[in-house]
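J.: need a structure here:
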Amino acid sequence: MTAVELKAPGESREPLDVKAFSAVEQVVALGGTERDDWESARLKLSATVPSKATDPDGPWSDVSVVAVLAEGATNARTVVPLEPSTESGREWTGSMDVWRADHLDRASLNVHVVARTDGVAGRVIATSQKDWIVDLSARAPKRQRELDVVEVSFSKGPQWLQPFKGVPWIVDTSGDVAAVHVNTDFEGLTDLLSGAGSAAEGLVRDLMLAQMRTDVWTAVFHVAIGDLEIEEDGTPLFSHDWRGEVLREMLPDVMPGRPLEEALGEVHRRRAGASGWIDLQPRIHFAATQRAQMPKALSTAIRGLDRLHQGADA
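T.: Just a heads-up that it's a prediction; the model follows:
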């Protein structure tokens with residue numbers, strides 16, 4: 001993606017603020033635009049296809065390049081063709097209009113090279129290595145979402161929380177984004193999370209937040225792997241919502257050294273009843289702690305407490 005333009009009703013398109021567009025993260029954040037009345041966003045697209053895809057002596061013909069925007073929350077799907085922009089046939093460009101009314105949360109954008117192979121048209125022979133994310137609610141272009149923390153009394157709040165009134169927090173994965181419900185009845189917890197307090201309390205707070213993130217990553221992985229779309233031949237597919245994002249993030253640590261599709265198939269096979277699902281739990285926990293940066297938080301807390309003890313002894 002090279003640029004994004006917004007259009008409001010009856011007005012011409014305007015460039016999106018650079019703060020809402022990140023080529024490094026490959027994220028477009030449309031929730032942080034200066035104007036709230038935009039109705040569509042035009043994505044300017046550019047793709048470089050592998051040289052073998054345009055080889056005239058290759059085993060395919062009728063090569064084309066398409067961009068696909070898909071969102072699991074609404075089942076919206078937009079496909080647009082790109083056009084070759086160089087004589088070599090490797091550079092392709094085009095644009096796609098994203099209509100605000102058609103989307104709700106996060107959509108993923110991928111580019112596919114399609115060709116006729118062995119007499120069969122429409123076969124995908126190459127796909128972009130990393131998808132772009134078009135986020136309609138985010139105010140900053142961050143690939144990994146911030147931890148969503150909701151403070152609520154477990155004893156007086158929603159009925160589903162009342163059986164858990166003795167615990168400090170619960171992870172809720174029922175919405176579009178996983179959330180941590182923090183129990184305000186748990187003495188001292190909300191004060192600690194507020195950030196006010198001593199240096200030692202700050203260290204404990206950061207460590208506790210890392211534990212929350214670990215709990216979230218563990219929970220959403222189990223939800224994502226347990227809610228897969230399965231093809232007729234039994235092959236599991238990555239979903240186009242946050243579940244797919246979670247699996248793509250964690251599978252390299254859960255099944256190291258394997259391609260993503262192969263890793264997904266193996267984890268699904270183990271969970272569906274074959275042996276080895278229990279053996280994967282340490283790997284899942286490891287992947288969650290890596291995403292949550294728990295080792296870093298723990299090391300920082302240990303060093304910080306040590307410095308405080310040394311200062312007290314002096």
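
J.: Can you point out the buried residues in the helix or strand hosting Val216?
T.: With elements taken from DSSP states H and E, the one containing Val216 is helix 199-226. The neighbour-count check on helix 199-226 (16 or more other C-beta atoms under 10 Å) flags 203, 205-221, 223-225 as buried. For the C-beta atoms, the positions are set from N, CA and C on the backbone; glycine is no exception.

J.: residue contacts, Ala200?
T.: Going by C-beta atoms under 8 Å, 6 or more residues apart in numbering, Ala200 touches 304-305, 308.

J.: mind listing what the nearest residue to Glu25 once chain neighbours are set aside touches?
T.: Sequence neighbours aside, Arg143 is the residue nearest to Glu25 in space, at 4.6 Å (criterion: C-beta to C-beta, 6 or more residues apart in numbering). When contacts are counted by C-beta under 8 Å, 6+ apart, Arg143 is found next to 25-27, 133.

J.: Mark which of those are buried, thanks.
T.: Using 16+ other C-beta under 10 Å, the buried ones in the contacts of Arg143 are 26-27, 133.

J.: Need the residue closest to the centroid of the chain.
T.: Nearest to the mean C-alpha position of the chain, by C-alpha atoms, centre = their mean, lies Glu245 at 3.8 Å.

J.: just checking, it is part of a helix?
T.: Yes. Using DSSP: H, G, I helix; E, B strand; the rest coil, the secondary structure at Glu245 is a helix.

J.: what's near enough to touch it?
T.: Counted by C-beta under 8 Å, 6+ apart, Glu245 has contacts 106, 108, 133.

J.: Just give the closest residue to the second one, not the sequence neighbours.
T.: For Ser108, the nearest residue in space outside its immediate sequence neighbours is Asp131; the separation is 4.4 Å by C-beta to C-beta, 6+ apart.

J.: Looking at the buried ones among the contacts of Arg143, which one is closest to Glu14?
T.: Val27 (19.7 Å; C-beta to C-beta).

J.: re earlier: list the helices and strands the next helix or strand after the helix holding Val216 packs on?
T.: Of the helices and strands lying after helix 199-226 in sequence (DSSP H and E), the nearest is strand 229-230. The contact analysis (3 or more C-beta pairs under 8 Å, 6 or more residues apart in numbering; DSSP states H and E) places strand 229-230 against strand 236-237.

J.: Can you tell me the strand partners of the strand it packs on and which way each runs?
T.: Strand pairing for strand 236-237, using DSSP bridges, gives strand 229-230 (antiparallel).

J.: I'd like the average pLDDT over the partner strand.
T.: The predicted model assigns strand 229-230 a mean pLDDT of 86.

J.: distance of Leu189 from Lys156?
T.: 15 Å (C-beta to C-beta, to the nearest Å).

J.: So for those two, which sits in the more crowded spot?
T.: Taking other C-beta atoms under 10 Å, Leu189 and Lys156 do not tie; Leu189 has more neighbours (16 against 11).

J.: Next, the contact list for the nearest residue to the more buried one once chain neighbours are set aside, please.
T.: Excluding the flanking residues, the one nearest Leu189 by C-beta to C-beta, 6+ apart is Pro168, at 5.5 Å. Residues near Pro168 by C-beta under 8 Å, 6+ apart: 182-183, 186, 189.

J.: pLDDT below threshold where in the stretch 151-300 of the chain?
T.: Applying pLDDT under 70 to the stretch 151-300 of the chain flags residues 176-177, 195-197, 240-241, 274.

J.: Tabulate the buried ones among the contacts of Arg143 (TSV), appending distance to Asn75, pLDDT and secondary structure.
T.: Formatted as TSV, the buried ones among the contacts of Arg143 follow (distance: C-beta to C-beta, whole Å; pLDDT from 0 to 100; DSSP: H, G, I helix; E, B strand; the rest coil):
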residue	distance to Asn75	pLDDT	secondary structure
Gln26	23	89	coil
Val27	22	91	strand
Ile133	17	90	strand
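
J.: all helices in this structure, in order from the N-terminus.
T.: 189-193, 199-226, 242-254, 260-271, 277-292, 294-313 (DSSP state H).

J.: Can you add distance to Thr93 and give these back as JSON lines?
T.: Below are the helices of the chain laid out as JSON lines (distance: least, C-beta to C-beta, whole Å):
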{"stretch": "helix 189-193", "distance to Thr93": "48"}
{"stretch": "helix 199-226", "distance to Thr93": "34"}
{"stretch": "helix 242-254", "distance to Thr93": "26"}
{"stretch": "helix 260-271", "distance to Thr93": "28"}
{"stretch": "helix 277-292", "distance to Thr93": "35"}
{"stretch": "helix 294-313", "distance to Thr93": "41"}
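
J.: Out of these, which gets nearest to Ala121?
T.: It's helix 260-271; of the helices of the chain, that one is closest to Ala121 (C-beta to C-beta) at 22.9 Å.

J.: list the contacts for Val150?
T.: 179-182.

J.: Cheers, nothing more for now.
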